[in-house]
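[1] Here is my input, please return the structure:
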Amino acid sequence: PLNDRIIGIVRDVSERRKLEEELRESEEMFRTIAENSLVGIYLLQDGIVKYANPKLSEIVGLDLEEIVGRDPYDFIHPEDVEHVRENVKLLKNGGFSSYKFRIVSGDGSIKTVETLASFILYKGKPAIVGTILDRTEEEMNKKKLGEYERFYKNAQDMFFIVDGRGRFVDVNLRFAEMLGYSKDELIGRTARRLVAPEELDHVRENFRKAMRGEKVVYEARAVARDGREYMMEVTLWPIVKDGKVVGAEGILRDITKRKELEMKLKENEEKYRKIFEGSPNMISIVDEDGKIVEVNQKVIESIGFDPTGLSVFEIFPEKIARGRMLMLKTVLEQNRSIVFDGRIKDRFYTATAVPLELLGRKHCLVIATDVTRIVSYSKLLGTVNKISRIIMHERNITNLLQRACEELASLEDHYHVWIGLFEGDYVRIVASSNQRTGRVLEIADCITNAVFNGLDVRDPSIHRKCRSCKFRPRKPGLICVTLPLVTDERAIGVIKLISEVGKPMEEELEVLETLANDLAFAIKSLELEEERITAARQIERNIEQFAYLTDRIRNPLAAIVGYAEMNEKFDDIFEKIIQQARRIDMILEEIDEVWRESENTKRVLTKFNL
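    Numbering: from 1, shown residues only. Sure thing, here's the model as predicted:
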């Protein structure tokens, strides 16, 4: 019996050791599994954390020493504590419990976790053992997916998915409603009936590009069930699975109104561009720094170069440029228009500066009119008025024409002026602004043409017949204007003007033609005055001669009559002598009458200064 007892004790000890060894192996296995597990593992007992594995430490964001021994509710988001407590109560009734809740990690971030827990006895006391998975990213993705689905269903843009053959797999509500179909009517069908016939090839080509792996963006016209057409912007990209393109996703955006606005904008832009470029006025846009942003062609033509990109200080002298900048500042700061006059080289302008905003920046729109011709015309009128006053007071033809030449040559437009009078087939230069007078030259083609046509305007540098002309100016780029001096339908001379500013305006030519007529009339009047003076002097001499002759005839005649009356012997002969004497006396009476009339004429001519 003793041996049996000893053997039994030994057996019990061996079995206990075996059990202890198995327990150690089991604990070692649990520890190895728990510490290397991809999920968090915990053991709760007596209201504290009894055990936590490294993965749980990673999820919570705290060291194990900071977790074990603490109340598990310390880590749970305050808003989810009650939710966890309810689930723990359910555990005590037996079975497993799986639920999600939020925790506050060690760095303060909020994470969503899912636990699977069960109620057990550990070392003879109730405990809860469970696992925890970090579902934060999954929840975020789920939330994003939900948002995407809501967006997909409710978005104002039209979303669609097609398979590799172009058949609709899915469309959102907006897509179906916009085109007047239900989703069921579209799923499984191609877009053929939704696309304008002339756009089909274009749409198919872009679909083929997407199926080759390209992302494409293009425009096409869609046709709704009721026949209405919409201009759509289509964005299409491939769906790739296992490295293979299996379909495409896309977005349709209704750009009908945008295209209409673009068309109107384009039309307006084209309209204003035509106005800008075709305007007879010079138009330029200047920024607030005084730099020329844009000009129209008229500006370039007028000033001879393109000032785009240049500052006003690079175009004008400094004094004028400072004035322009001051004006620009006033226009932009006071937001009002300013009208001003200006001059560039030999050109005169009147302009309006208007405030303008472009791309959020202040600019100034300057609209200028070239008034050089108007200024020239005004000066010409003033000069012609001066010459008219000279005509009224000058009594010498040569002096009159010379002074007229000097006045015309004083105009900035005229490089040279001369006036000549015809002498047979030649013209004598009577007055000139910079040539020797008295020269007699052959009548040139321009003069002949002016006499026959009333006017001749030409560029002698390009006119073939002017190459050998002695009147041709040597300076290039000048215009010759020839005006005939005509009186009583007869040309008596010409005015020759050499202009530096191009062909005169019609109004200027009319004024010059009037001046030529006035000078011709003045020349004729002065010539008549000279003839009048000569005639008056001749009449005076004739009157004196008449008186002298009358006296010389009357005295011998009286003697003859006396002698005839004294001798009666020769009555018949003396009667005839007396008759002839009386006839002579009658003639003398007539001469006296003519003398008296001549005297009266002389008095009248003298009275009216004719």
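
[2] Keeping just the C-alphas, turn the helix or strand where residue 201 lies into PDB.
    Per DSSP states H and E, residue 201 falls inside helix 200-211. Listed next in PDB are the C-alpha coordinates belonging to helix 200-211 (Å, rounded to 0.1, in the frame of the first residue of the first chain):
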ATOM      1  CA  LEU A 200     -21.500  61.000 -83.900                       C
ATOM      2  CA  ASP A 201     -18.100  60.400 -85.600                       C
ATOM      3  CA  HIS A 202     -16.500  63.000 -83.200                       C
ATOM      4  CA  VAL A 203     -18.000  61.300 -80.100                       C
ATOM      5  CA  ARG A 204     -16.900  57.800 -81.300                       C
ATOM      6  CA  GLU A 205     -13.400  59.000 -81.900                       C
ATOM      7  CA  ASN A 206     -13.100  60.400 -78.400                       C
ATOM      8  CA  PHE A 207     -14.600  57.100 -77.000                       C
ATOM      9  CA  ARG A 208     -11.900  55.200 -78.800                       C
ATOM     10  CA  LYS A 209      -9.200  57.400 -77.300                       C
ATOM     11  CA  ALA A 210     -10.600  56.700 -73.800                       C
ATOM     12  CA  MET A 211     -10.600  53.000 -74.500                       C
END
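
[3] For that helix, which helices and strands make contact with it?
    strand 216-223, strand 229-241, strand 244-254 (3 or more Cβ pairs under 8 Å, 6 or more residues apart in numbering; DSSP states H and E). The C-beta positions use only the backbone N, C-alpha and C, and glycine is treated the same way.

[4] of the ones you listed, which approaches residue 50 most closely?
    strand 229-241 (47.7 Å; Cβ to Cβ).

[5] What are the contacting residues of that closest one?
    161, 178, 196, 203, 206-207, 210-224, 245-256, 258-259 (Cβ atoms under 8 Å, 6 or more residues apart in numbering).

[6] ok, that strand: who's next to it in the sheet?
    In the sheet, strand 229-241 lines up against strand 216-223 (antiparallel), strand 244-254 (antiparallel) (DSSP bridges).

[7] Report the next helix or strand after the longest one in sequence order.
    Read that as strand 244-254. In N-to-C order, the element after strand 244-254 by DSSP H and E is helix 256-278.

[8] Turn the strands paired with strand 229-241 into TSV, including mean pLDDT.
    Below are the strands paired with strand 229-241 laid out as TSV (pLDDT from 0 to 100):
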stretch	mean pLDDT
strand 216-223	95
strand 244-254	92
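
[9] Could you dump these into CSV and include distance to residue 104 and mean neighbour count?
    As requested, the strands paired with strand 229-241 are exported to CSV (distance: least, Cβ to Cβ, whole Å; neighbours: other Cβ atoms under 10 Å):
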stretch, distance to residue 104, mean neighbour count
strand 216-223, 45, 17
strand 244-254, 39, 17
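
[10] which one of those lies closest to residue 105?
    Nearest of the strands paired with strand 229-241 (Cβ to Cβ): strand 244-254, 36.5 Å.

[11] quick check: angle from that closest one to helix 200-211?
    Between the axes of strand 244-254 and helix 200-211, defined by axes from the mean of the first three to the mean of the last three Cα atoms, to 10 degrees, the angle is 130 degrees.

[12] hmm, who's touching strand 244-254?
    So strand 244-254 is contacted by 157-164, 169, 175, 178, 207, 210-213, 222, 230-240 (Cβ under 8 Å, 6+ apart).

[13] roughly how far is it from the heart of the chain?
    Remark: strand 244-254 is offset 41 Å from the chain centroid, using Cα atoms, centre = their mean, to the nearest Å.

[14] about what we covered before: what sits up against the helix holding residue 201?
    For helix 200-211, using Cβ under 8 Å, 6+ apart, the contacting residues are 162, 164, 166, 191-192, 195, 216, 218, 220, 234, 236-238, 245, 248, 250.

[15] try 7 Å
    164, 166, 191-192, 195, 216, 218, 220, 236-238, 245, 248 (Cβ atoms under 7 Å, 6 or more residues apart in numbering).

[16] Show me where the stretch 101-250 of the chain dips below the pLDDT cut-off.
    144-156 (pLDDT under 70).

[17] for the stretch 501-610 of the chain, same thing?
    501, 535-536, 538-539, 542-543, 545-578, 580-581, 588, 594-595, 597-610.

[18] go again using 80 as the cut-off
    501-505, 529-610 (pLDDT under 80).

[19] what's the closest of the helices and strands packed on helix 200-211 to residue 358?
    That would be strand 229-241 among the helices and strands packed on helix 200-211, by Cβ to Cβ, at 27.2 Å.

[20] between the closest one and helix 256-278, how big is the angle?
    Using the same axes, to 10 degrees: strand 229-241 against helix 256-278 is 120 degrees.

[21] Might you calculate how far strand 229-241 sits from the centre of the chain?
    So, by Cα atoms, centre = their mean, the centroid of strand 229-241 is 37 Å from its chain's centroid.

[22] Residue 377 - that's part of a helix, no?
    Yes - assignment of residue 377 by DSSP: H, G, I helix; E, B strand; the rest coil places it within a helix.

[23] Tell me the spacing between residue 53 and residue 38.
    Using Cβ to Cβ, to the nearest Å, residue 53 is found at 10 Å from residue 38.

[24] Name the residues of the helix holding residue 201 that come out as buried.
    For helix 200-211, burial by neighbour count (16 or more other Cβ atoms under 10 Å) applies to 202, 203, 206, 207, 209, 210, 211.

[25] Ok, stretch 74-83 next?
    Those would be 75, 76, 80, for stretch 74-83 by 16+ other Cβ under 10 Å.
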